[in-house]
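S.K.: here is my input; please provide its structure:
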Amino acid sequence: KGEGHVEGEKVENPDTGLYYDEYLRQVIDVLETDKHFREKLQTADIEEIKSGKLSRELDLVSHHVRTRLDELKRQEVARLRMLIKAKMDSVQDTGIDHQALLKQFEHLNHQNPDTFEPKDLDMLIKAVSAGYE
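M.R.: Take a look at the predicted model:
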């Protein structure tokens, strides 16, 4: 008795199996702290999300949210760079195409490693969608 769902309690979501699952969860958590974006997300249908229409709403989130998203992206880029370096070290081949390696990571815009832009949200959504098809 008294063990019902508590307001504001985090519900554990199952692991998506995506290699960027933690990044995805953190981006969603940060976006949901913005009231306007959370409302848009709750009322958007799957086609609005997949088409990139929802990504354009990123321009309307608060400065604090954008700053946190920028920070998350920089952390994810650093993580991916470590993975690439580890892969290069294990292969010990100087003929590795760094751009080809970066293209494997389609869940963010690696051309702009410092700021989280609508294109990043759009790429993240498309990567997740492709992962489930």
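S.K.: for the lengthiest helix in the chain, buried residues please.
M.R.: Longest helix of the chain, by residue count under DSSP state H: helix 63-91. For helix 63-91, a neighbour-count test (16 or more other CB atoms under 10 Å) marks Val65, Arg66, Arg68, Leu69, Leu72, Lys73, Glu76, Val77, Leu80, Ile84 as buried. C-beta coordinates here come from the backbone N, C-alpha and C atoms, glycine included.
S.K.: now the first one: how far from Glu71?
M.R.: Distance from Val65 to Glu71, counting by CB to CB, to the nearest Å: 11 Å.
S.K.: okay, now the closest residue to Arg79 other than its chain neighbours: neighbour count?
M.R.: Once flanking residues are discounted, Arg79 sits nearest to Tyr23: 7.9 Å by CB to CB, 6 or more residues apart in numbering. Residues lying near Tyr23 (other CB atoms under 10 Å) number 20.
S.K.: Phe116 now?
M.R.: With other CB under 10 Å as criterion, Phe116 counts 27.
S.K.: list the residues that contact it.
M.R.: Contacts of Phe116 were listed using CB atoms under 8 Å, 6 or more residues apart in numbering, and they are Val27, Leu58, Arg66, Leu69, Asp70, Leu72, Lys73.
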